[in-house]
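predicted model and sequence follow; I will ask about them next.
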Amino acid sequence: MKLQQPLSISLFALCFLLTLASNTALADTPFEALLADEQNGADWLSYSGGYKSERFSPLSQINTVNVDQLKVMWAYQMRPTGISGAALQETTPLVADDIMYLTESPSSVTALDARTGRTLWHFVPDITNDVLNIGFPRINRGVALLDDKVYVATLDARLFALDARTGAVRWESKVADNLSGFSLTLAPLALDGKIVVGVSGAEAGVRGYIDAYDSESGERLWRTYTVPAPGEPGSETWQGDAWRTGGGSTWLTGSYDPELDLLYWTTGNPAPDWNGDLRPGDNLFTCAVLALDPDTGEMKWFFQYTPHDTHDWDANQIPVLVDGEFEGRQRKLLALANRNAFYYLLDRETGEYLLGKEYSFQTWAEGIDENGRPIVIPNSDPTREGNLVWPSLQGATNWFSPSYNPQTEQFFVPNRRMGAIYFKSDVEYEAGMPFLGGGEQPMDGDDASGAIVALDVMSGEQQWEFELQTPPWSGVMATAGGLVFGASNEGYFFALDGEDGDPLWFFNTGAHVRTNPMGFSVDGNQRVAIIGGQTLYVFGLE
Amino acid sequence: MSAKNYLLRLSALILWAVAISCAPAAFAQDLQNGQQLFQTLCARCHGMLGGGGEGPSLTRPTLVHAPDDEALVALIVGGIPGTGMPGSRQLRGQDGPDVAAYVRSLGELPPEEMPGDPLAGAEIYRSVGNCASCHIIFGEGNGVGPELSNVGQRRNAAYLRRSVMSPDAEQPRQVDRFRGSLNAFLTVRIVSEYGSYEGMRVNEDAFTVQMRDLSGKLYSFEKADLISYEKAPGHSLMPGYNSVLNAQQTDDVVSYLMSLK
């Protein structure tokens, strides 16, 4: 589907007739388009701008020379739903053929004319104010597109397929039981004929899993649990019944390598979060990245970043797929800047650990050993009296996206620099209640800060940093124009020079930014978009 | 922040926690239930000790959205539309009031005996102290330092005594999620091509800083244009009064400030 301007009506009619004549279904965003998303600067077809999750725009019309001439082309104000606690917007808009699709908290979907920002349709699922969201805000991070449908995962744990033209519901599937603490906040990932989703809910003591659904029927194709049952591989890392409430939620969109035909998905903290005494062992496969067969969900390999985590350092960060030469050999790599303050490189064919390097101040590990296991500093666990540790539970980074510029081999990370006093307490599991076993008191104010850091993707060495006043909650996007777009908690949207981090342009959106930048073009003119508070801004030169 | 300051802050938090656990027995049961529910349902955003985090700090006597206990219970159970504050459907029966009682206890200031004469203190405030040259009370004075109307509701006598005698030792913290999280009234020294400036930081971000000088004049700077920018934590622009006021006068001024409610 393409939103047509009047001049191109006849062309549109011709295409339509040709489509009918060839007797094929209208396919607005075919799988083949998703495979080419990285090279297609005009559209932004999936959450991270392509299966490699680079969040890189190949457009260069806006560049280091002219970025200071950027202006607002249009803005869109989000719609209040009347549900309390749904005031944060964390969506990444998608653009396909001049139509923008975005979610609004908690789980609405809006289609806009990407030229003007005018609304085309708006879908509001029937979510009531008593929906459970345990351990995170009432937000949504975006939709997936495949063929003629738009997919949204909802806070009350359903998956909807909507008609891309009208927003009408094609099907709906129940992914999980919200009453026991499951929610869905992530943007689904569309593969060939499948929609993959993960769940939130480790703070409610759920047993996490990843699901794939048939994109046409909504039928569930497979489910892979992230915490093994007794007798299954990895079950030796749990004791007693702890696995039943073991956490390992899967709340951030993964990546996909079509050549290896492997799906990469990250997992969150074990439950309860801060009282590790209740779940002795490494607690596989929490705080890990999993490589799955997308047809069956079978786990091909795994790598656990933080064994027996007691600080709520989910590994739900974006796994970025990088191809390049590592130590003299061409390799297929998986790069991830972890919440635990270390940057990791893995071989994504085998899961082999290659590199682990501290990229942010931390006080919990002396380093990473040759097998990729952290060398934990004694007495860095939460205590009943409180124990000061860096980073805070929100981590050195979090769900918001990093960006990889394949042209310069630079990896850009939004970095939170804050410590916290961690507490441990007693807790008993009760379905639908928080299952935490402690908490934190963050050390904020002027004791905390943030930065955008540029790392050499192969070595993890820092090239430059751009300091932010407070720890950020927003992602970055590099472009072929030599820029890195980022945003701050103070509400600024800005462009840095990718070479040295120099700020070249900034704009005050008027409210905190908690989402990722994305880019597209209309009529050959490049656009970049960001949401500040409740307002989506789209910038361009002309 | 230095390790010493962390320890000081931690000690204060622990003292407060001990104070809570020593509350009268009949009420303690409710507070204990409230504390447990708070740590389970609220601490994720408001901090384990209520000192703020993703959500605002609750360790203050007056809460913007909850002028009274009824309003506080209602928002704990139902949330606040238009904000990040959800309701808590898990709360049953007496749970809501228990959490509310616990939240109230976070900012509760224990009743204190006034050490001096508030009327005499008001006179010292106006004359010897010349305090109105920098502070506004109920509409009167100059807006340079913090407004002191209702300061008796927000602070206790010990805090105000420290603030009057050694302002460097007390820097109020201001946590505002929409402005980021900044320490308030931080002294800053700025040199630009147009001159040198000293004042209190009003706001700051990665690109700009806003400042108010001792005459109350507001300035806005782009950091990229500055020759130098220095932050001076632990240095207040307010003069210390330990060499100006005797013990009795200090007691009187503190009593006057405590009477402002």
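Perfect, I can see it now. As the structure is a prediction and not an experimental result, all values here were calculated from the model. Residues are numbered from 1 along each chain as shown, chains lettered A, B, ... in the order given.

could you point out the helix or strand that follows the lengthiest strand in chain B?
Counting by DSSP state E, the longest strand found in chain B is strand B:195-204. Going down the chain from strand B:195-204, the next helix or strand is strand B:208-212, by DSSP states H and E.

what is that following strand packed up against?
strand B:187-192, strand B:195-204, strand B:218-222 (3 or more C-beta pairs under 8 Å, 6 or more residues apart in numbering or on different chains; DSSP states H and E). Using the backbone N, CA and C atoms, a C-beta is placed for each residue, glycine as well.

what are the pairing partners of the second one, and which direction each?
So that's strand B:195-204. Under the criterion DSSP bridges, strand B:195-204 sits next to strand B:187-192 (antiparallel), strand B:208-212 (antiparallel) in its sheet.

wait, what's in contact with residue 116?
This is for chain A. A:Trp74 (C-beta atoms under 8 Å, 6 or more residues apart in numbering or on different chains).

chain B, not that one
Per C-beta under 8 Å, 6+ apart, neighbours of B:Gly116: B:248, B:250-255.

want to try a markdown table for the strands paired with strand B:195-204, with mean neighbour count, mean pLDDT and distance to A:Leu146 as columns?
Below are those laid out as a markdown table (neighbours: other C-beta atoms under 10 Å in any protein chain shown; pLDDT from 0 to 100; distance: least, C-beta to C-beta, whole Å):
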| stretch | mean neighbour count | mean pLDDT | distance to A:Leu146 |
| --- | --- | --- | --- |
| strand B:187-192 | 18 | 96 | 53 |
| strand B:208-212 | 19 | 94 | 43 |
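
who wins for proximity to A:Gly218 among the helices and strands packed on strand B:208-212?
The closest of those to A:Gly218 is strand B:195-204. By C-beta to C-beta, the value is 49.4 Å.

distance from the chain centre to that closest one, please.
21 Å (C-alpha atoms, centre = their mean, to the nearest Å).

the inter-axis angle of it versus strand B:218-222?
90 degrees (axes from the mean of the first three to the mean of the last three C-alpha atoms, to 10 degrees).

pLDDT averaged over strand B:195-204 - what is it?
Here strand B:195-204 scores 94 as its mean pLDDT.

same deal with stretch B:75-94?
Rounded mean pLDDT across stretch B:75-94 is 78.

what does that stretch rub up against?
A:80, A:82-88, A:129-130, A:132-133, A:137-138, A:432-434, B:30, B:33, B:37, B:41-42, B:45, B:54-55, B:65-66, B:96, B:99-100, B:103.

re earlier: can you turn the buried part of the contacts of B:Gly116 into a ChimeraX selection?
Selecting only the buried entries of the contacts of B:Gly116 in ChimeraX, with 16 or more other C-beta atoms under 10 Å in any protein chain shown as the criterion:
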select /B:250,251,252,253,254,255
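
nearest to chain A, of the contacts of B:Gly116?
B:Val254 (26.2 Å; C-beta to the nearest C-beta).

ok so, going back, the contacts of B:Gly116 into JSON lines, with extra columns for distance to chain A?
What follows is those, written out as JSON lines (distance: C-beta to the nearest C-beta, whole Å):
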{"residue": "B:Gln248", "distance to chain A": "36"}
{"residue": "B:Thr250", "distance to chain A": "29"}
{"residue": "B:Asp251", "distance to chain A": "31"}
{"residue": "B:Asp252", "distance to chain A": "33"}
{"residue": "B:Val253", "distance to chain A": "28"}
{"residue": "B:Val254", "distance to chain A": "26"}
{"residue": "B:Ser255", "distance to chain A": "30"}
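
show me where chain A has helices.
Secondary structure of chain A (DSSP state H): helices located at A:9-21, A:31-35.

where among these is average confidence lowest?
helix A:9-21 (a mean of 43).

so where's chain B uncertain?
Along chain B, segments meeting pLDDT under 70 span B:1-29, B:89, B:170-180.

give me that answer again for 90
Scanning chain B with the threshold set as pLDDT under 90 gives B:1-70, B:73-96, B:104-115, B:143-146, B:150-160, B:162-163, B:166-186, B:215-216, B:233-234, B:261.

ok, which stretches of it are strands?
Under the criterion DSSP E, strands of chain B are mapped to B:136-137, B:140-141, B:173-176, B:180-183, B:187-192, B:195-204, B:208-212, B:218-222, B:228-232.

point out the residues in the stretch 401-542 of chain A that sit beside chain B.
A:421, A:423, A:425, A:427, A:432-434, A:436, A:438-448, A:466-470, A:488-492, A:494, A:503, A:506, A:511-512 (C-beta under 8 Å from any C-beta of the partner chain).

which of these count as buried?
Listed as buried from those are A:421, A:423, A:425, A:427, A:432-434, A:436, A:438-448, A:466, A:468-470, A:488-492, A:494, A:503, A:506, A:511-512; burial here means 16+ other C-beta under 10 Å.

point out where the stretch 351-500 of chain A drops to low pLDDT.
A:433, A:439-447.

now the residue lying farthest from the centre of chain B: how far from A:Asp43?
Most distant from the centre of chain B: B:Glu193, at 35.1 Å, with distances by C-alpha atoms, centre = their mean. The spacing between B:Glu193 and A:Asp43, counted by C-beta to C-beta, to the nearest Å, is 46 Å.

same check on A:Val65?
As for A:Val65, its distance to A:Asp43 is 25 Å (criterion: C-beta to C-beta).

the two: which has the busier surroundings?
Counting neighbours by other C-beta atoms under 10 Å in any protein chain shown for A:Val65 and for A:Asp43 shows that A:Asp43 has the greater number, 23 against 10.

tell me the contacts of that one?
The contact partners of A:Asp43, by C-beta under 8 Å, 6+ apart, come to A:33, A:37, A:94-97, A:520.

among those residues, which one sits closest to A:Ser173?
A:Leu94 (20.7 Å).

how about the contacts made by the residue nearest to that closest one when sequence neighbours are not counted?
Spatial nearest neighbour of A:Leu94, chain neighbours left out: A:Tyr101 (4.9 Å); criterion: C-beta to C-beta, 6 or more residues apart in numbering or on different chains. Each residue near A:Tyr101 by C-beta under 8 Å, 6+ apart is listed here: A:93-95, A:109-112, A:143, A:145, A:150, A:164.
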